[in-house]
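Asker: show me the folded form of this:
(chains A and B)
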Amino acid sequence: MKVSGIVHRYGDNVDTDVIIPARYLNTSDPKELAEKCMIDIDKDFISRVKPGDIMVAGKNFGCGSSREHAPIAIKASGISCVIAETFARIFYRNSINIGLPIIECEEASKDIEAGDELEVDFDNGKIYNLTKNKQYQGQAFPEFMQRIIKAEGLINYIKQK
Amino acid sequence: MGMTMTQKILAAHTGLEEVSAGQLIEVNLDLVLGNDVTAPVAIKEMEKLDTKKVFDKDKIALVPDHFTPNKDIKSAENCKCMREFAMDHDITNYFEIGEMGIEHALLPEKGLVVAGDVVIGADSHTCTYGALGAFSTGVGSTDMAAGMATGQAWFKVPSALRFNLTGKPSKWVSGKDIILHIIGMIGVDGARYQSMEFVGDGIENLTMDDRFTIANMAIEAGAKNGIFPVDKLTIKYMNEHSVKPYTIYRADEDASYDETYDIDLSKIKPTVAFPHLPENTHTIDNIEDIKIDQVVIGSCTNGRLDDLRIAAKVMEGRSVAKGMRVIVFPATQKIYLQALEEGLLSIFIKAGAVVSTPTCGPCLGGHMGVLAAGERAVSTTNRNFVGRMGHVESEVYLASPAVAAASAVTGKISSPKELGL
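Answerer: Residues are numbered from 1 along each chain as shown, chains lettered A, B, ... in the order given. I've put the predicted structure just below:
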């Protein structure tokens, strides 16, 4: 499976409180959550983002609160993939569990800039930067996680078992 | 090769003789926890499964603590969803607000977690129970749903960092200063995916409440869990609070650690984390005058009886600074009552603080003490991210109950020593 889109760029330690502030956690509706996604660090994000766009960040993306509302908000905003140097562990497993594709790649995280156009191939973890005409190799998921992703989330995976 | 304490608990819950770092395993759970923010999402996910029954009605805990007492209609709907689920499934450990508390203070107090348990909770501070020698970790709502349905969760076995604690903390230094010191040293991703295993003879100088505070903030260093060995004090605590059988696991002598840090507790000074990350730590003697608008004393990190006693000792016979808002919120109804009976609450109220019912509200900018643009708070909570307690231009300084109470009196970030204590 491949996705392509324009990059929205963020730094290190983007926490789940800024991805979706607690004051909006009185709902779990993906559409409502998406409307407030990234509002505290990038208030224009939601008016800028187009379906298929890609989020690229630095170290420890998604740190802090375990709120699954964070990957839900990102996915519902239209983002097709998040690339980061590293992810915080709860965010990492939440993304897999809800079927939001994420890729760890230090080189891509360091090189990619806001507005770059990317194509990402989930089958082999390759990231193509069409703007810079470069290619990066992201980390492939272990087989166990690939089965969850293939089933489109943990709940479907359990159903199939 | 030997196993760490965490690895031993995980192996025992997997039915394997041995596990090693990096291995993917499916683990049997002793308890699955959710709150009014995360459980409604989990309940919706669980309903998608064909199995409509929970794996064990005694091994699920549901605590309405985040936006309770309900702050608005949507929050009330979320609590209603969780309450109805609890009734439908006859969940033993559902706590209505009159008997509740902030989940991570409540569960140990109710005896629901003991040494050797494996606990997942749809709340990042679930790592708190490591203080009891249990493996406990925060997960999301989908993991909670799967846990409620199957009694299992998948994990990558973590490697570990070892913190060798020696010495005795000096006056006005508590668990909060120790964990802030450690996070300042290793950073907010310093223990990412790893266990933080605390060892050493300095542990005997830490109260259970100190240990809960330290394990609670393991997540702020990115850790999967934080864990303490079981000693006499742990056993005393469990005997006083629980009827559940416990199992004591010890790390093998030849267990391997990614790193060992030696920490002399007697050298740690009162420590404050500046905005906007818990790793931005400064010791109290290196802080210039920083005027503050609000002080918050409470939360799953520092809302236990020891914390309130320390704060009361500092505030007794004193008044909060003019124009300062001080909010004290005991972490559970039981702590609230004990604090009332000991006279701590009257000390706070006479000093000019308000005392709130147990709630997570102010810690995450939900309700009960939200900050306006440009305002600064000293808080005994656990996160000081951008906008955490309110407006994106507000600031949160994380500190111990002693420093928070002293700051409430002086109006700026202060040590109790500045009050002659």
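Asker: how distant is the worst-scoring helix or strand of chain A on mean pLDDT from the center of its chain?
Answerer: Among the helices and strands of chain A, helix A:143-150 carries the lowest confidence by mean pLDDT, DSSP states H and E, at a mean of 78. With C-alpha atoms, centre = their mean, to the nearest Å as the basis, helix A:143-150 stands 17 Å off its chain's centre.
Asker: send me the helix or strand following it as PDB with only the CA atoms.
Answerer: Sequence-wise, the next helix or strand downstream of helix A:143-150 (DSSP states H and E) is helix A:154-160. The C-alpha trace of helix A:154-160 is given here as PDB (Å, rounded to 0.1, in the frame of the first residue of the first chain):
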ATOM      1  CA  LEU A 154      -6.400  -4.900  17.200                       C
ATOM      2  CA  ILE A 155     -10.200  -5.400  17.500                       C
ATOM      3  CA  ASN A 156     -10.400  -7.000  14.000                       C
ATOM      4  CA  TYR A 157      -7.300  -9.000  14.700                       C
ATOM      5  CA  ILE A 158      -8.900 -10.500  17.800                       C
ATOM      6  CA  LYS A 159     -12.100 -11.200  15.900                       C
ATOM      7  CA  GLN A 160     -10.100 -13.100  13.300                       C
END
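Asker: helices and strands around helix A:154-160, which ones?
Answerer: Packing partners of helix A:154-160 (3 or more C-beta pairs under 8 Å, 6 or more residues apart in numbering or on different chains; DSSP states H and E): helix A:143-150, helix B:141-150. (Each C-beta comes from the backbone N, C-alpha and C, glycine too.)
Asker: ok, residues contacting it?
Answerer: Outside helix A:154-160, the residues that touch it by C-beta atoms under 8 Å, 6 or more residues apart in numbering or on different chains are A:96-97, A:147-148, A:151, B:45, B:48-50, B:142-143, B:145-146, B:149-150.
Asker: and that helix, which residues are buried?
Answerer: Neighbour-count burial for helix A:154-160 flags A:154-155, A:157-158 (criterion: 16 or more other C-beta atoms under 10 Å in any protein chain shown).
Asker: chain A: helices as residue ranges?
Answerer: A:16-19, A:30-35, A:45-48, A:69-76, A:89-98, A:106-111, A:143-150, A:154-160 (DSSP state H).
Asker: need the residues of chain A near chain B, please.
Answerer: A:13, A:15, A:17-18, A:21-23, A:25-28, A:40-41, A:59-60, A:63-69, A:71-72, A:86, A:88-90, A:93-94, A:97-98, A:142, A:144, A:153-155, A:158-159 (C-beta under 8 Å from any C-beta of the partner chain).
Asker: which parts of the stretch 151-300 of chain B sit against chain A?
Answerer: B:154, B:188-189, B:192-193, B:219-220, B:222, B:224, B:277.
Asker: can you put those residues in CSV and add neighbour count and distance to residue A:132?
Answerer: Conversion of those to CSV gives the following (neighbours: other C-beta atoms under 10 Å in any protein chain shown; distance: C-beta to C-beta, whole Å):
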residue, neighbour count, distance to residue A:132
B:154, 19, 37
B:188, 26, 30
B:189, 22, 27
B:192, 21, 29
B:193, 18, 31
B:219, 32, 36
B:220, 29, 36
B:222, 27, 31
B:224, 26, 36
B:277, 24, 31
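Asker: excluding chain neighbours, what is closest to the residue most central in space within chain B?
Answerer: Nearest to the geometric centre of chain B sits residue B:216, at 3.4 Å (C-alpha atoms, centre = their mean). The shortest distance from residue B:216 to any non-neighbouring residue, by C-beta to C-beta, 6 or more residues apart in numbering or on different chains, is to residue B:128 (4.2 Å).
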